[in-house]
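J.: Model the following, please.
(one chain, ligands or ions: 2)
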Amino acid sequence: MIVTTKNLKLNYGTQRALEDVSFSVEQGELFGILGPNGSGKSTMFRVLATIEEPQAGTATISGLDVVSQAQQVRRLIGVVFQSQSLDKYLTVEENLSSQGHLFGLSGASLKERITRLLDRLQLTDRRSSILKTLSGGMKRRVEIAKALLHDPKVLLMDEPTTGLDPVARMELWKYVDELRRETGVTVIVTTHLLDEAERASRLMLMHMGISVLQGTPAQLKSSIPGDVVLIESDDPEALRQGVFLHFDKQKCTVVDHHVRTIVENGPNFVTQVAAAFPQAVRGISYHKPTLEDVFLKETGARL
Ligand code: ADP
Ligand code: MG
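T.: Ligands and ions are numbered 1, 2, ... in the order given. Here you go, the predicted structure:
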């Protein structure tokens, strides 16, 4: 395991941010940390990035402790923050050079490394552009190039697509996929977006500082046995009771003004409900479980 955390705990004063968080990541994985705002994702990221010290528990990268061996850990990680860390009045190359100098790189080897990264992230023709003239997606790619300059084993990214439009978001993920394929770098990424979480090789769902579930996206979704049915009605509470009684105490809840239930056979159930409550049902549909459904089941909250 290239990254491990064990029973991590961190409070900001009386505010709980991490509670007993344990997970591990294998070399080459794309590990996703999925949770709503305030669930502790950035705190987890900052612990791994050696910026924040946990009050209890341990975290290691390549076997090195993020607290007692923070200096060595910093050489092994590349960090992409949610907020911009580049100088907007310098060129792309100048931004990367000054980062390289911080890591003791210089001369031809630094130039060569910059050339290779700009090529990988398709920024070669922007090498001499002033940063502020770049699009949001390009700037984010420069951030990634900067994080990779010292050839880290683990790339940490905190909600890296924040503020990007859908096309730039998709492109960014394409570049991350390519980087993983070509370099084998391990990536740990936080997100609150379902479609991004779907790309992870494994996921940790976080809620109020707690790791509620871990596994591949497919494993997490298969924790819900069957189809999710949503029924629209003017009086969802009355319909919930009606469905509960009519279908042998079928467990239903009201979520966002819809009656929601999980059944073995969605198509069958939908037909039966529509036939049994022709007046009360305004609309009815079923779908295979999504990560949102899994989160709702585990926490009672929406993502
Ligand atoms: P996320 O990144 O998932 O939105 P955070 O890790 O930023 O979550 O926050 C987790 C919890 O810790 C939240 O309740 C947040 O308000 C709180 N928190 C985060 N940073 C600080 C801080 N510097 N001081 C006090 N509370 C904080
Ligand atoms: Mg955050």
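J.: Could you check the pLDDT of the residue in the chain positioned nearest to ligand 2?
T.: In the chain, the residue that lies nearest ligand 2 is Ser42 (3.2 Å; C-beta to the ion). Every residue, glycine included, has its C-beta placed from N, CA and C. Per-residue pLDDT puts Ser42 at 98.
J.: again, but for Asn265
T.: So Asn265 comes in at 97 (pLDDT).
J.: Would you check that Val66 makes contact with Val73?
T.: Yes: assessed by C-beta atoms under 8 Å, Val66 is found in contact with Val73 at 5.2 Å.
J.: follow-up on the earlier one: could you report the neighbour count for the residue of the chain closest to ligand 2?
T.: A total of 20 residues lie near Ser42 under the criterion other C-beta atoms under 10 Å.
J.: which residues are in contact with both of Val66 and Val73?
T.: Thr50 (C-beta atoms under 8 Å, 6 or more residues apart in numbering).
J.: So between the two, which is more surrounded?
T.: Val66 (25 against 21).
J.: Quick check: pLDDT value at the residue lying closest to that one once chain neighbours are set aside.
T.: If you skip the residues right next to it in sequence, Val66 has Ala59 as its closest partner in space, 4.5 Å away by C-beta to C-beta, 6 or more residues apart in numbering. On the pLDDT scale, Ala59 is placed at 98.
J.: A strand includes Ala59, no?
T.: Yes: assigned with DSSP: H, G, I helix; E, B strand; the rest coil, Ala59 falls within a strand.
J.: residues in contact with it?
T.: Ala59 neighbours (C-beta under 8 Å, 6+ apart): 3-6, 8, 47-48, 65-67.
J.: are any of these buried, and which?
T.: Among those, those buried by neighbour count (16 or more other C-beta atoms under 10 Å) are 3, 5, 8, 47-48, 66.
J.: how about the helices of the stretch 1-150 of the chain, start to end?
T.: 41-48, 70-76, 92-102, 107-120, 136-148 (DSSP state H, counting those that start in this stretch).
J.: Check those for me and report the most buried one.
T.: Most buried of the helices of the stretch 1-150 of the chain, by mean neighbour count (mean count of other C-beta atoms under 10 Å): helix 41-48, with a mean of 24.
J.: neighbouring contacts of that helix?
T.: For helix 41-48, using C-beta under 8 Å, 6+ apart, the contacting residues are 3, 5, 8, 10, 17-18, 21, 33, 35, 52-54, 59, 61, 66, 77, 82, 154, 156, 158-159, 188, 190-192, 206, 209.
J.: just stretch 283-297 next, same as before
T.: 34, 194, 197-198, 203, 205, 207, 212-213, 217, 220-224, 226-232, 255, 262-263, 266-267, 269-270, 273-274, 301-303.
J.: the inter-axis angle of the lengthiest helix in the chain versus helix 136-148?
T.: In the chain, taking DSSP state H as the definition, the longest helix is helix 166-183. Here the directions of helix 166-183 and helix 136-148 differ by 30 degrees (axes from the mean of the first three to the mean of the last three C-alpha atoms, to 10 degrees).
J.: Output the contacting helices and strands for helix 166-183.
T.: Under the contact criterion of 3 or more C-beta pairs under 8 Å, 6 or more residues apart in numbering; DSSP states H and E, helix 166-183 touches helix 107-120, helix 136-148, strand 186-191.
J.: Relative to ligand 1, which residue of the stretch 51-200 of the chain is the closest?
T.: Thr190 (6.5 Å; C-beta to the nearest ligand atom).
J.: need the residues of this protein near ligand 2, please.
T.: 41-42 (C-beta under 5 Å from the ion).
J.: Tell me the residues of the chain that contact ligand 1?
T.: 12, 15, 17, 35, 37-43 (C-beta under 6 Å from any ligand atom).
J.: Now with 8 Å, please.
T.: When proximity is defined by C-beta under 8 Å from any ligand atom, the chain lies next to ligand 1 at 12-13, 15-18, 35-46, 158-159, 190, 192, 206, 208-209.
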